[in-house]
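Peer 1: Return atomic coordinates for the entry below.
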Amino acid sequence: MAQAMRPNTAGGLFATDGKPHPLQDTLLAVTLVLGLTAFISAQFHHLHLLSSWTGLAGILAGAYGQWISVTTRERFGLILGLGLAAVGFFLGMAHGGLFGGVVG
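Peer 2: Model prediction:
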C-alpha cells in the first residue's frame, strides 16, 4: 500500500523530477513577463520600442531557457512566453522597429 502514499507524476503534463531548478525557473518567469509585456504593449502603435525590445529579450531568454530546460513544465511555460514575445516583437517591428523608424 506504499504506492498510495506517493503522488504519480510520471504521466502528468507538468511532471517534474522533484529537484529544484532555480536558473530554469528564473528564465521561465523572465520569459513569461517579457512575453506578456511585449504582447500587451504591441497592441499600441506608439509603444513599438517597448514591444520590440522586450520581445527580442524574451525570445533570447526563452531560447536559452529551452536549451537548458529539464522538465516538461519548464518547456511548456517557455513555449508560451516565447510565443507571446515573438508576436510582440514582430508587431513592434511592424509598428516602427527597434530604433524608432518612421511608420508610413
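
Peer 1: So in the protein, which helix runs the longest?
Peer 2: helix 72-95 (DSSP state H).

Peer 1: Show me what that helix is packed against.
Peer 2: In this structure, helix 72-95 packs against helix 22-41, helix 48-68, with contacts taken as 3 or more Cβ pairs under 8 Å, 6 or more residues apart in numbering; DSSP states H and E. Using the backbone N, CA and C atoms, a C-beta is placed for each residue, glycine as well.

Peer 1: Buried ones in the last one, by neighbour count?
Peer 2: Buried residues in helix 48-68, defined by neighbour count with 16 or more other Cβ atoms under 10 Å: 48-59, 61-62, 64-66.

Peer 1: and what of stretch 18-26?
Peer 2: Buried, per 16+ other Cβ under 10 Å, within stretch 18-26: H21, Q24.

Peer 1: how far does it sit from the chain's center?
Peer 2: Centroid displacement of stretch 18-26 relative to its chain, using Cα atoms, centre = their mean, to the nearest Å, is 15 Å.

Peer 1: how long is that stretch end to end?
Peer 2: End-to-end distance for stretch 18-26, by Cα to Cα, to the nearest Å: 17 Å.
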